[in-house]
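S.K.: make a model of this:
(one chain, ligands or ions: 1)
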Amino acid sequence: MEGARVVRAPRGTQRSAQTWGAEAALRMLQNNLDPEVAERPDDLVVYGGSGKAARDWRCFDAIVETLRTMGPEDTLLVQSGKPVGVMRTHDLAPRVLIANANVVPKWATPEYFRELEDLGLTMYGQMTAGSWIYIGTQGILQGTYATFAEVAAQHFGGTLAGRWVLTAGLGGMGGAQPLAITGNGGAALCIEVDPWRAQRRHEHGYLDEIADSLDDGLARVQAAARDNRALSVAVVANAADVLPELAARGVVPDVVTDQTSAHDALNGYVPHGMSLDEAVELRRTKPSEYVERAQQSMAVHCTAMLDLQRAGAVVFDYGNGLRGQARDAGVADAFGYPGFVVAYIRPLFARGAGPFRWACLSGDPADLAATDDAVLAAFPDDDLLQRWVRFAREKVKGQGLPSRICWLGYGERHVAGAAFDDLVARGVVTAPVVIGRDHLDAGSVASPERETEGMRDGSDAIADWPLLNAMLNTASGASWVSIHHGGGVGIGKSIHAGVVVVAEGTAESRRRLELVLTNDPGSGVIRHADAGYDIALETAHNVGVRMPLEPGTHGPAWQQ
Ligand code: NAD
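M.R.: Numbers count the residues shown, from 1 in each chain. Okay, the predicted model is just below:
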């Protein structure tokens with residue numbers, strides 16, 4: 001019966017598939033649906049609202065059966081969560097090729113996509129749900145940690161110690177903020193309108209304390225900053241009340257951002273001037289009045305952020321759409337502070353830095369510890385990485401197969417891959433290690449409202465890059481490769497690609513790792529060099545990434 005199944009990846013050194021490539025895909029598909037990992041495993045939903053691992057349970061069973069029985073030179077084709085064919089390729093080819101949720105652009109609307117879904121013709125794969133490399137909330141925490149680390153690097157000499165950050169929203173993703181801030185040494189004042197959300201973050205160890213009032217919270221956080229103590233404190237209140245209040249008092253945080261669900265004026269953002277219960281009631285009874293009041297509140301909220309920026313705070317938007325809502329509600333200079341990708345992530349992308357995650361197929365935490373040690377040993381001078389891995393070891397609660405994520409750049413990822421391969425070859429790590437990444441990476445995504453917002457040459461919506469990235473990874477011998485549409489920001493708004501490669505401890509896997517983990521971030525360097533980013537041009541030049549046309553000869557960035 002559907003809905004009554006519990007899926008969990010097998011552990012250990014014995015495989016049921018003919019190759020470790022197929023076995024890895026099998027275990028990672030199952031791991032995505034582990035109740036410890038997935039949000040709604042009964043519906044095959046892994047994360048991100050409706051991001052699924054397979055189209056339905058029949059498809060899931062057929063994928064599992066195929067992965068177990070296919071030969072060492074076979075490649076399984078998956079069309080939006082449904083296994084549609086097994087083709088003879090060769091031993092270095094990917095064992096699985098996945099295309100999820102792709103629709104011809106003119107028809108790529110959420111409404112039409114839903115119709116196609118209802119007909120059973122497609123599936124929404126989000127990013128790592130349908131490409132079988134989701135590892136739980138650690139990914140969100142690390143991305144937030146990396147953002148605040150870059151804030152620290154750009155403005156505060158590399159640490160948030162002695163600084164305090166004001167933010168709002170302690171929901172699914174925003175709840176990672178307090179721990180990411182304290183992980184960077186800072187103090188965090190987090191405004192959350194829903195006491196239950198604040199309580200939950202506290203219980204899960206993401207938030208240190210809940211204050212009784214704004215004054216109480218402010219005092220605790222300012223004292224912590226004064227003493228260079230890392231501390232996170234929540235205040236249960238509405239951000240559209242608190243931020244103008246602080247601006248009026250002349251209280252200026254070092255950093256201000258926001259992760260309320262501002263992208264959704266009806267179901268996300270809570271208007272000020274009413275209690276949470278009143279807001280819930282208004283949403284139910286008078287939705288259009290609710291939206292109007294939410295937008296007006298967002299205008300107040302955004303205006304206060306602009307005021308705090310003028311007063312000296314570092315202010316950035318955290319991809320939640322607050323600026324757009326405020327602009328629509330009449331705040332002419334709503335876009336006066338930058339988005340986080342433009343300000344903090346793009347410089348990392350431009351040198352090929354991005355997410356690098358791995359999972360130990362043995363299921364043995366000792367294997368994860370050995371890989372953590374290997375990464376720490378391989379990059380002794382990378383302070384951020386050293387801090388993050390030690391922090392994650394201590395603070396992150398594992399979900400599913402033992403896994404880790406960090407950010408590594410071009411020229412670094414294949415070093416980590418080789419180190420893992422060596423550990424497997426020597427038997428220090430007892431079974432192969434799966435290495436993959438989110439689709440949010442330097443060369444693998446076109447998403448004009450997020451990752452590729454405001455590209456220097458205007459190439460925000462050019463989607464050739466993720467397609468080239470996927471083809472390159474296929475040609476380089478990845479274990480599985482995927483091309484998706486709509487992840488992160490919704491149908492019609494993004495095209496992106498995923499890749500996974502397995503460290504098996506063999507000469508063959510060593511070669512695959514070297515090629516994939518060099519070329520994948522290399523495509524990000526090329527993408528950003530082509531768009532005219534100096535860091536990417538320097539990186540490409542320094543490491544000898546070959547570009548047939550001298551960057552600088554094409555496109556508007558070069559015609560100024
Ligand atoms: P969520 O809906 O789970 O949480 C939002 C939280 O904000 C809730 O806890 C809610 O009670 C609180 N809230 C709403 N209105 C408020 C107000 N006026 N004052 C104080 N608190 C208020 O959402 P989430 O998953 O945490 O994501 C938050 C937002 O951040 C989303 O818009 C998301 O798209 C965005 N985001 C973007 C990126 C990115 O661009 N990469 C990353 C993380 C989050």
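
S.K.: now for the closest residue to residue 205 other than its chain neighbours: which residues touch it?
M.R.: In space, and not counting its chain neighbours, residue 205 is closest to residue 395: 7.0 Å by CB to CB, 6 or more residues apart in numbering. Quick note: C-beta positions are derived from backbone N, CA and C, even for glycine. Residues in contact with residue 395 (CB atoms under 8 Å, 6 or more residues apart in numbering) are 179, 183, 205.

S.K.: from residue 391, how far out is the first one?
M.R.: Translated: residue 179. Relative to residue 391, residue 179 is positioned 9 Å away (criterion: CB to CB, to the nearest Å).

S.K.: please apply the same query to the second one.
M.R.: For residue 183, the distance to residue 391 under the criterion CB to CB works out to 5 Å.

S.K.: so of the contacts of residue 395, which ones are in helices?
M.R.: 179, 183 (DSSP state H).

S.K.: and the residue of the stretch 101-250 of the chain found nearest the ligand, how many neighbours does it have?
M.R.: Per CB to the nearest ligand atom, residue 171 is where the stretch 101-250 of the chain lies closest to the ligand, at 1.7 Å. Applying other CB atoms under 10 Å, we find 16 residues neighbouring residue 171.

S.K.: and it, how far is that from residue 294?
M.R.: Going from residue 171 to residue 294 by CB to CB gives 15 Å.

S.K.: list the residues that contact residue 50.
M.R.: The contact partners of residue 50, taken as CB under 8 Å, 6+ apart, are 124, 126.

S.K.: domain parsing for the protein?
M.R.: Per automatic domain parsing, the domain ranges recorded for the chain read 2-118, 138-338, 345-435+442-461+486-559.

S.K.: which strand is the longest one in this protein?
M.R.: The longest strand of the chain (DSSP state E) is strand 495-503.

S.K.: can you tell me the average pLDDT over that strand?
M.R.: Averaged over strand 495-503, pLDDT sits at 98.

S.K.: tell me, how many neighbours does the closest residue to residue 425 other than its chain neighbours end up with?
M.R.: Nearest residue to residue 425 in three dimensions, chain neighbours excluded: residue 505, at 3.5 Å (CB to CB, 6+ apart). By the criterion of other CB under 10 Å, residue 505 has 21 neighbours.

S.K.: still on that earlier bit, who's more crowded, residue 183 and residue 391?
M.R.: Taking neighbours as other CB under 10 Å, residue 183 and residue 391 compare with residue 183 leading, 25 against 18.

S.K.: and that one, how close does it get to residue 365?
M.R.: 21 Å.

S.K.: what residues does the stretch 301-450 of the chain put near the ligand?
M.R.: When proximity is defined as CB under 6 Å from any ligand atom, the stretch 301-450 of the chain approaches the ligand at 318-321, 450.

S.K.: one more pass at 5 Å, please.
M.R.: Residues of the stretch 301-450 of the chain lying close to the ligand (CB under 5 Å from any ligand atom) are 319-320.

S.K.: equivalent analysis for the stretch 151-300 of the chain, please.
M.R.: Applying CB under 5 Å from any ligand atom, one finds that the stretch 151-300 of the chain approaches the ligand through 168-169, 171-174, 192-194, 197, 238-239, 259-261, 263, 269-270.
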